[in-house]
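**Student:** From the sequence below, what's the structure:
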Amino acid sequence: MNTRMGLIVALIFIIVLSGCSTANQKYEDPPFSFNAKDVHGNSVSLKNDAPTIMYFMASWCPTCIGGERVLKEVNELYPKVQLVTIDVDPVTDTVESLTEFQKMYGGNWSHVLDEGQKISKGYSVNRLEEMIVVDKDQEVVFRGTNPSLDELKEALSSIGVK
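**Tutor:** Below you'll find the model as predicted:
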């Protein structure tokens, strides 16, 4: 009986912890800045006066389409937040394939092919569909794989974005 009660308490504890949000968590990533060119040849870097959401994906990834759709919603709700979609597969993907992906699924924000994977390595990204939110001081305030709109709204709210 005591073993059963202990298991029930442990299970409840795990369930409660799994619902904890990471939006207010500060990450140990040191600020990392980059300069890159988007698919249209425009310079892209983190803005010093606005938070940024970076989405790490590949144009051949069918589930990455969902992340672009979430970013479209973010773009409508928070037009002052900088969005950058970063294609982490410069071996398979090309500027042309990323441009086509942007036309079909993305918005008017910058889409960058991560040549040499400098950006993804700088942020220790090791999977597709990862989104990173950085504040105006370029500090990472949120990391998540395939986050929902609500998770991104909570992360932005935690740094004062309304």
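**Student:** what's the distance between residue 111 and residue 38?
**Tutor:** Applying C-beta to C-beta, to the nearest Å, the value for residue 111 to residue 38 is 6 Å. C-betas here are computed from N, CA, C, even on glycine.
**Student:** pLDDT (mean, whole number) over the helix or strand residue 155 falls within?
**Tutor:** Secondary-structure element containing residue 155, defined by DSSP states H and E: helix 149-158. Mean pLDDT, computed over helix 149-158, is 97.
**Student:** Could I get the buried residue list for that helix?
**Tutor:** 151-156, 158 (16 or more other C-beta atoms under 10 Å).
**Student:** about what we covered before: comparing residue 111 and residue 38, which residue is more hemmed in?
**Tutor:** Between residue 111 and residue 38, counted using other C-beta atoms under 10 Å, the more crowded position is residue 111 (26 against 20).
**Student:** surely the more buried one meets residue 87?
**Tutor:** Yes. Assessed by C-beta atoms under 8 Å, residue 111 is found in contact with residue 87 at 7.0 Å.
**Student:** re earlier: can you tell me which of the buried residues of helix 149-158 comes closest to residue 32?
**Tutor:** Comparing these against residue 32 with C-beta to C-beta places residue 155 closest, at 17.8 Å.
**Student:** From residue 110, how far out is that closest one?
**Tutor:** Distance from residue 155 to residue 110, by C-beta to C-beta: 20 Å.
**Student:** Next, the contact list for residue 59, please.
**Tutor:** Residues near residue 59 by C-beta atoms under 8 Å, 6 or more residues apart in numbering: 87, 89, 93, 97-98, 100-101.
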